[in-house]
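Novice: Sequence first, then the predicted structure, then my questions.
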Amino acid sequence: MSWGDALKERENIVLATSSKDSNPRAIIVVSLGLINGKLLIGACLMGKNLENIKENNKVSIATFGKGRYFRVNGRAKIFSKGNYLEIAIKRSSPPLPKAAILVDIKEVVDLDKGEKIL
């Protein structure tokens, strides 16, 4: 399994954010897949994480599907309207997202091997 497979649509992943005061927050979310190499996540029931992204757009994601573990670091952007939100709604199950989060992936680490692969 590649790191891209670990982020495919409908995979459970952990999204970690941090406030401007360095207060961490982690939540399990469902990946909505990659779009042009960027990860799409629907923002459902995640008010504090959205606040954190607005204050500090650096995020970290942990994948754990099918026995392969990756850490993905990047910068997130929130879309409360437009194409990314429409795609997020189409790919989601209730509760439907009120916003879409698009993560520009900057680094990928294979946690099984302990090495940076992107």
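Specialist: Yes, it's here.
Novice: Which residue ranges of the protein form helices?
Specialist: Taking DSSP state H, the helices of the chain run over residues 3-6, 47-55, 83-91.
Novice: so what does the first one touch, helix or strand wise?
Specialist: Think helix 3-6. strand 70-79 (3 or more Cβ pairs under 8 Å, 6 or more residues apart in numbering; DSSP states H and E). No exception for glycine: its C-beta is placed from N, CA and C like everyone else's.
Novice: Which residues does the strand it packs on contact?
Specialist: Applying Cβ atoms under 8 Å, 6 or more residues apart in numbering, the contact partners of strand 70-79 are 3, 6-7, 17, 39, 43, 50, 53-54, 57-63, 85, 99-111.
Novice: Select, out of the helices of the chain, the one closest to Gly67.
Specialist: Judged by Cβ to Cβ, the one of the helices of the chain that comes nearest to Gly67 is helix 3-6, at 10.4 Å.
Novice: what about the closest one, distance to the chain center?
Specialist: 12 Å (Cα atoms, centre = their mean, to the nearest Å).
Novice: repeat for stretch 23-30
Specialist: For stretch 23-30, the distance to the chain centre is 9 Å (Cα atoms, centre = their mean).
Novice: ditto for stretch 106-116
Specialist: For stretch 106-116 - counting by Cα atoms, centre = their mean - the centre lies 16 Å from the chain centre.
Novice: Thanks again, I'm all set now.
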